[in-house]
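*Asks:* Build the 3D model from these lines:
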Amino acid sequence: MLEKAEKFLKANNSLLIASSSYNNPNLSKCSYVSEGTTLIIAGEQNSSLIEQIRFNPKVEIIVNDGENTLKYVGRAKIFNNHPNQEKLIEELSQKDNLEIKGIYCIDLVQIIPTEISVIQWDYYQEFKENKPSILKDFFCSITKTVNIWVKGLRLPFISVSVAAVVVGTAVAYYESKNFDWLYFLLAVIGISAFHACADLLNDFFDHLSRNDEVNEKLTPFSGGSRMIQNKLFSTTRTLAGAIVAFLITLGIGLYINFTVAGNIILYIGIGGTFLGIFYVGKPIKLANFGFAELAIFLSFGPAIVFGSYYIQEEKFSWVPIYASIIVGLLILLVLFVNQFPDYEADKESGRRNIVVLVGREISSILFIIFLSLTYVILIVFIILQVLPYLSLITLLSLVFAVRAMITIRKYYDNYLAMIPAQAMTILTTLVYTLLLAVSLFVTATVW
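*Replies:* Model (predicted):
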């Protein structure tokens, strides 16, 4: 009977495949090639089918020839070591009209059966050798869950917020050598949760406004996480994740506020919450009225840097405010450079950020001015002895900054060629802020 099933699969060439993530079902029709009971299909990277398989290999398949229906439960994996890889991709792509879109290519997927049944033949067979052990399946499930949340929370971007905390803490240490590990760790966790909350809310509201839906110029750094669009998260789960992240931020913020002098942290928290929720959230939508850049500058510059300083020192000082200008501009530029690929989608959805308002060419000049300004401000602060001479080591980040400026000026209207500029801007921000923090820590320790 197994041979009959293999012949049935060989005689047909299309199937319906059901995949899922967190109970978000996805049904796709695909052409396939069979190798015995092993099936091979192809799909566009960043499509719902491929993304769900990436995080959940369990699939269900139906092959129907008009008389008989073969039901197939299996485990899928994306692979690139088939001897006929290129030929299969070309063949299946032509049949299913698959296209390479920007940075996203065509993936080949191999599916092995765990169960096959055909009611009309009174046939059922289980392939126990293809099933992972309960322990292996459990750990695999844990790993996939962690990976999907890392993607959904966009953890690499959270690093810039953590860098701002480090700078604020470094300023406090530079001024009086105060360093409280508990407050530092709480600040890192709280700010990370706040950033995660803001990103999840951004995904949620961008889905409602269809900003991410209409955005076809996707890069690894812009266009949203695509979790909702690829059916990895439902809108409900995305909102629930944002609420949980906000509650973590709220709990940490209230604890810190009631254990340090005054209510400065409370006021900063209220302001940050307002900017984070209403950045693209209804009914205010700050990004639709030209306040996107200002909101990012305030919430990720002065708010984080001064807040991190205050919980260590419990007093006001202008030094963290001055340092926050640099940090705020750098993090603002991370947002700014990502607006170039999103230009059409932002314009269509009603956003009024700088790139939409003045166009990409003028914006490329503004990017260079703003990034150069961070170094000018740094040198002025060193001359005025606001920052130590050792902070000149921060100029080492110019290696990445210059590459970002050259790339953005040359390719401002080519979103694929702009990708290195996005990467270099993030790298510049991280290297710049961490070197600035190191210069403050070292100066305070040695001198």
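*Asks:* Contacts only, for the nearest residue to L329 once chain neighbours are set aside.
*Replies:* Excluding its sequence neighbours, the residue lying closest to L329 (CB to CB, 6 or more residues apart in numbering) is T374, at 5.1 Å. Where C-beta positions appear, they are placed from N, C-alpha and C, glycine not excepted. Contacts here follow CB atoms under 8 Å, 6 or more residues apart in numbering; on that basis T374 touches 326, 329-330, 432.
*Asks:* And the pLDDT for T374?
*Replies:* At T374, the predicted lDDT confidence score is 97.
*Asks:* what helix or strand does it sit in?
*Replies:* helix 360-383 (DSSP states H and E).
*Asks:* Just the buried positions in that helix, please.
*Replies:* For helix 360-383, a neighbour-count test (16 or more other CB atoms under 10 Å) marks 360, 363-364, 367-368, 370-371, 374-375, 377-378, 381-382 as buried.
*Asks:* ok, back up a step: gap between the residue nearest to L329 and N288?
*Replies:* 27 Å (CB to CB, to the nearest Å).
*Asks:* Which positions in stretch 46-60 come out as buried?
*Replies:* The neighbour-count check on stretch 46-60 (16+ other CB under 10 Å) flags 46-60 as buried.
*Asks:* Find out how far stretch 379-389 is from the centre of the chain, if you would.
*Replies:* 35 Å (CA atoms, centre = their mean, to the nearest Å).
*Asks:* Same check on stretch 136-148?
*Replies:* Chain-centre distance of stretch 136-148: 19 Å, with CA atoms, centre = their mean.
*Asks:* Please list the residues outside the helix or strand following the helix holding T374 that contact it.
*Replies:* Moving toward the C-terminus from helix 360-383, the next helix or strand (DSSP H and E) is helix 398-411. Identification of contacts with helix 398-411 by CB under 8 Å, 6+ apart yields 337, 340, 364-365, 367-368, 371-372, 375, 417-418, 420-421, 424-425, 427-428, 431-432.
*Asks:* how far off helix 360-383 does helix 398-411 point, in degrees?
*Replies:* With axes from the mean of the first three to the mean of the last three CA atoms, to 10 degrees defining the directions, helix 398-411 sits at 160 degrees from helix 360-383.
*Asks:* Pull the residues that contact the helix or strand bottoming out on mean pLDDT in the chain.
*Replies:* Sorting the helices and strands of the chain by mean pLDDT, DSSP states H and E puts helix 211-214 at the bottom, at a mean of 77. For helix 211-214, contacts defined as CB under 8 Å, 6+ apart pick out 203, 206-207, 223-224, 226, 228-229, 280, 342, 344-346, 348-349, 351.
*Asks:* do stretch 315-327 as well
*Replies:* Contacts of stretch 315-327 (CB under 8 Å, 6+ apart): 163-164, 167-168, 171-172, 174-175, 261, 300-302, 304-306, 308-310, 374, 377-378, 381, 386-387, 432-433, 436.
*Asks:* Just to be sure, which of these are found in strands?
*Replies:* The strands, defined by DSSP state E, take in nothing from these.
*Asks:* Take these and keep only those in helices.
*Replies:* 163-164, 167-168, 171-172, 174-175, 300, 302, 304-306, 308-310, 374, 377-378, 381, 432-433, 436 (DSSP state H).
*Asks:* What distance do you get for the residue nearest to the spatial centre of the chain to L332?
*Replies:* Centroid-nearest residue in the chain: R154, 2.9 Å away (criterion: CA atoms, centre = their mean). Distance from R154 to L332, counting by CB to CB: 17 Å.
*Asks:* just P320 next, same as before
*Replies:* 17 Å.
*Asks:* Just want to know which of those two has more residues nearby.
*Replies:* More neighbours surround P320 than the other of P320 and L332, with 27 against 23 (other CB atoms under 10 Å).
*Asks:* Spell out which residues make up each domain of this protein.
*Replies:* 2-131, 147-446 (automatic domain parsing).
*Asks:* Is E216 in contact with K101, as I believe?
*Replies:* Yes - using CB atoms under 8 Å, E216 makes contact with K101 at a distance of 7.4 Å.
*Asks:* which of those two has more neighbours?
*Replies:* Between E216 and K101, counted using other CB under 10 Å, K101 has the larger neighbour count: 15 against 12.
*Asks:* follow-up on the earlier one: just the buried residues of the contacts of stretch 315-327.
*Replies:* Neighbour counting over the contacts of stretch 315-327 (16+ other CB under 10 Å) leaves 163-164, 167-168, 171-172, 174-175, 300-302, 304-306, 308-310, 374, 377-378, 381, 387, 432-433, 436 as the buried ones.
*Asks:* Tell me the strands beside the longest strand anywhere in the chain, with direction?
*Replies:* Across the chain, the strand with the greatest residue count (assigned by DSSP E) is strand 106-118. The pairing partners recorded for strand 106-118 under DSSP bridges are strand 38-44 (antiparallel), strand 69-79 (antiparallel), strand 123-126 (antiparallel).
*Asks:* rewinding a little: residues of the least confident helix or strand of the chain that come out buried?
*Replies:* 211-213.
*Asks:* same thing with stretch 144-156?
*Replies:* Quick answer for stretch 144-156 (16+ other CB under 10 Å): 148, 151-154.
*Asks:* again, but for stretch 340-352
*Replies:* 340-343, 345-346, 349, 351-352.
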